[in-house]
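J.: take this sequence and fold it.
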Amino acid sequence: MKKIAISALLFTSLMSFNGMAQEKCCKSKKCKNNQEMELKTELDSISYGLGVSIAQNLKTQGITELDATALSKGLEDAIGGKELKLKEEEIGAMLNAFMQKKAEEKSKGVIEAGKQFLVENAKRSEVTTLPSGLQYEIITEGTGAKPSADDQVTTHYTGKLVDGTVFDSSVERGQPATFPVGGVIKGWTEALLLMPVGSKWKLFIPYDLAYGERGAGAQIGPYSTLIFDIELLEIAK
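T.: Have a look, this model is predicted:
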């Protein structure tokens with residue numbers, strides 16, 4: 001089922017948004033080629049609608065070039081239950097790598113903006129850059145204990161994108177947040193282990209220490225560099 005879904009998804013997307021009018025042999029004799037096909041039955045319409053939906057989804061991911069012949073053969077073999085020319089694990093690994101590459105290409109501007117921001121930010125004397133790439137600025141130096149990886153902490157925080165857009169804030173909600181030190185993004189965990197209770201730090205977190213290539217929710221897109229103002233209130237009991 002998974003193999004069929006992948007093949008159909010690529011096939012319909014290619015025919016929809018690449019505009020290829022290649023001749024096909026239709027068993028029902030309803031068409032000479034894809035562009036002349038008439039939607040005469042409910043199944044025709046459902047199939048066409050599914051193709052449009054899948055194509056639009058792929059288009060948003062930057063996929064615009066595929067080999068129509070190989071694509072059609074893959075679809076035919078998968079639906080017909082024939083022996084596949086590639087092993088299932090090979091297909092999965094290959095498609096994952098392909099989709100990641102496309103995501104990186106689509107997000108190139110975001111990646112470069114984040115990198116440039118961190119390069120410029122590192123030039124400020126008040127900013128410390130760690131070997132991991134995490135940057136921090138101490139606003140207030142606390143005098144309490146430092147949490148361990150097994151602790152839970154209570155913090156106030158505000159999260160922003162590099163353009164200043166606030167995407168989350170316990171301060172605005174008026175309610176501190178409590179969570180495990182090891183249960184947050186890598187950039188947070190690394191910083192919390194260095195922060196004495198009572199500290200206020202500003203963190204500048206590269207995407208690979210934040211939400212990576214997937215992003216988080218509607219506001220944090222893939223490959224986003226993030227900024228956090230964090231006040232470590234206490235180590236929770």
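J.: now stretch 77-89: buried residues?
T.: Residues 77-78 are the ones in stretch 77-89 that count as buried (16 or more other Cβ atoms under 10 Å). All C-beta atoms are positioned from the backbone trio N, CA, C, and that covers glycine.
J.: straight-line length of it, end to end?
T.: End-to-end distance for stretch 77-89, by Cα to Cα, to the nearest Å: 16 Å.
J.: show the average pLDDT along stretch 52-69.
T.: Mean pLDDT, computed over stretch 52-69, is 71.
J.: repeat that for stretch 164-179.
T.: Looking at stretch 164-179 alone, the average pLDDT works out to 96.
J.: give me the contacts around that stretch.
T.: Stretch 164-179 is contacted from outside by 152-161, 217, 219-220, 233, 236, using Cβ atoms under 8 Å, 6 or more residues apart in numbering.
J.: hmm, try it at 6 Å
T.: When contacts are defined by Cβ atoms under 6 Å, 6 or more residues apart in numbering, stretch 164-179 is touched by residues 152, 154-160, 219-220, 233, 236.
J.: count the residues that sit near A103.
T.: Neighbour count of A103, defined by other Cβ atoms under 10 Å: 17.
J.: would you say it is within a helix?
T.: Yes. Following the definition DSSP: H, G, I helix; E, B strand; the rest coil, A103 is counted among the residues of a helix.
J.: what residues are up against it?
T.: Here A103 is in contact with 213, 222 (Cβ under 6 Å, 6+ apart).
J.: tell me the phi and psi of M195?
T.: Summarising the backbone geometry of M195 under the convention degrees, to the nearest 10, its torsions are phi -100, psi 120.
J.: that one contacts L233, correct?
T.: No. Judged on Cβ atoms under 6 Å, M195 makes no contact with L233 at a distance of 10.9 Å.
J.: these two - which one has more neighbours?
T.: Neighbours were counted for M195 and for L233 using other Cβ under 10 Å; M195 has more, 23 against 18.
J.: just give me the neighbour total for the closest residue in space to the more buried one that isn't next to it in sequence.
T.: In this structure, M195 finds its nearest non-sequential neighbour in L232, 4.8 Å apart by Cβ to Cβ, 6 or more residues apart in numbering. Residues within reach of L232, counting by other Cβ under 10 Å, total 24.
J.: mind checking which helix or strand L232 is in?
T.: Take DSSP states H and E as the rule and L232 turns out to sit in strand 226-236.
J.: okay then, goodbye and thanks.
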